[in-house]
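A.B. asks: Compute the structure for the input listed below.
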Amino acid sequence: MYNHNDHAYMARALELAARGLYSTTPNPRVGCVIAAADSNLYRVLAEGWHEQAGQGHAEVRALQAAQAQGIDVTGATVYVTLEPCSHHGRTPPCVEALIAAKVGRVVVAMTDPNPLVAGAGLARLRAAGIEVRCGLLAAQAAALNPGFIQRMRHGRPWVRLKVATSLDGQIALASGESQWITGQQARDDGHHWRARACAILTGSGTVRADNPQLSVRAVATTRQPLRYVLDSRLTLSPTARIFAVDAATPATLITTVQSAQAFPDLMAAWQARGITVWCLPADAEGHVSLVALLAEFARHEINELHVEAGSHLNGRLLAAALVDEILHYQAPKILGPGKPAFEFGQAAPTQLAAAPQFDCIDVVQLGGDVRIRYQRQHVLSQEK
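C.D. replies: Numbering: from 1, shown residues only. A predicted model of the protein is given here:
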């Protein structure tokens, strides 16, 4: 099905796609390689990758690179990590550009989960007489875009929960002291995961205890993720530094419709400071409904949601089966009685079979600490 160079070309396209890890949101990360038609000759003609929403997609940028160098791509093979779009969005359809360029073959890692595409791009290419193959390195392509895939297929973002604990599972001493459980390398690694997220979510307890910024500082990025604070009962002060209005991305407060109605003076104080407030339905316990919250994030085109919160919000998300991935930073320390990473309350499992379960994806040593990455399930694409 694939010639001996196909894997190498697609692997290169995946490398290019990863260059947009911090910048493409809300669009997917996509890379493209245009190669010589002769399967016996390994020769890259042009490359491209999608950098930012509103700018050229990977295929178009690769075609533009070829044109700038005076390279004729007639009959060439195009390797792209996601199905070329077939609809008018922020930019024209990529399939039209490929057809106009008279390429001979298109190899795609995975189909586009966007219902506006979903195989239509491949069909358009085939109808134009272009040979199309799909499914090469699909799992690797999907791993670059778990949030985009989940938002398109299920209407909610990919929820990545980050916790830093001692060996005995504590996130703080009994006194509340928690800075710092892990070392600098682990904290810097955490900034990488912040940077790739579309948004960061925390809770009111974390803001009161730590007064965090939750911005990306340890890695270079052209885009700061949006920041959101869950405060169901309007207990926070608008003066917390996460809400600083002179920040590049001032945080949004999220509360319940009921709290907003019960405390109009508090709502007026938030609005007077120019801070955006989301008012969402409450659950049976008076907290913001997590299902409604994730649906609202999806409506705002949030693909990957990075959660850095306290044990209460962590436990609520886990109990509701809404956590897709856990980044567990573990320090070689024993804290004894303190604050656990997760509090379930009445939602605590009573049987082992009912306990939330994850697959271990990888383990990385970071100085004296380790990062263990878990996923509830793998995001895979099927060949078509």
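A.B. asks: tell me the mean pLDDT over stretch 305-320?
C.D. replies: The pLDDT scores in stretch 305-320 average 94.
A.B. asks: Please write out the alpha-carbon positions of that stretch in CSV.
C.D. replies: Listed next in CSV are the C-alpha coordinates belonging to stretch 305-320 (Å, rounded to 0.1, in the frame of the first residue of the first chain):
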residue,chain,number,x,y,z
LEU,A,305,-8.1,22.4,28.7
HIS,A,306,-5.3,22.4,31.2
VAL,A,307,-6.5,22.1,34.8
GLU,A,308,-4.3,23.2,37.7
ALA,A,309,-6.6,23.2,40.7
GLY,A,310,-7.1,21.9,44.2
SER,A,311,-8.3,18.5,45.5
HIS,A,312,-12.0,19.5,45.4
LEU,A,313,-12.2,20.4,41.7
ASN,A,314,-9.8,17.6,40.8
GLY,A,315,-12.1,15.1,42.5
ARG,A,316,-15.3,16.5,40.9
LEU,A,317,-13.8,16.2,37.4
LEU,A,318,-12.6,12.6,38.1
ALA,A,319,-15.9,11.5,39.7
ALA,A,320,-17.8,12.9,36.6
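A.B. asks: Determine how far that stretch lies from the middle of the whole chain.
C.D. replies: 16 Å (CA atoms, centre = their mean, to the nearest Å).
A.B. asks: what do you get for stretch 1-8?
C.D. replies: With CA atoms, centre = their mean as the basis, stretch 1-8 stands 29 Å off its chain's centre.
A.B. asks: Buried residues in that stretch, which are they?
C.D. replies: Buried residues in stretch 1-8, counting neighbours by 16 or more other CB atoms under 10 Å, are found at N5, D6. C-beta coordinates here come from the backbone N, C-alpha and C atoms, glycine included.
A.B. asks: which residues sit in contact with the nearest residue to P115 once chain neighbours are set aside?
C.D. replies: Leaving aside its chain neighbours, P115 sits nearest to M152 (6.9 Å; criterion: CB to CB, 6 or more residues apart in numbering). Contacts for M152 (CB atoms under 8 Å, 6 or more residues apart in numbering) come out as D112, P113, N114, P115.
A.B. asks: Equivalent analysis for V95, please.
C.D. replies: Here V95 is in contact with P84, C85, S86, G121, R124, L125 (CB under 8 Å, 6+ apart).
A.B. asks: Equivalent analysis for I334, please.
C.D. replies: S166, L167, D168.
A.B. asks: backbone phi and psi for the residue most central in space within the chain, please?
C.D. replies: Centrality entry for the chain: nearest residue to the mean C-alpha point is E304, 2.5 Å, by CA atoms, centre = their mean. Main-chain dihedrals, E304, degrees, to the nearest 10: phi -110, psi 120.
A.B. asks: what separates it from A251, distance-wise?
C.D. replies: 17 Å (CB to CB, to the nearest Å).
A.B. asks: Now intersect the contacts of M152 with the strands, please.
C.D. replies: Among the contacts of M152, no member is found in strands (DSSP state E).
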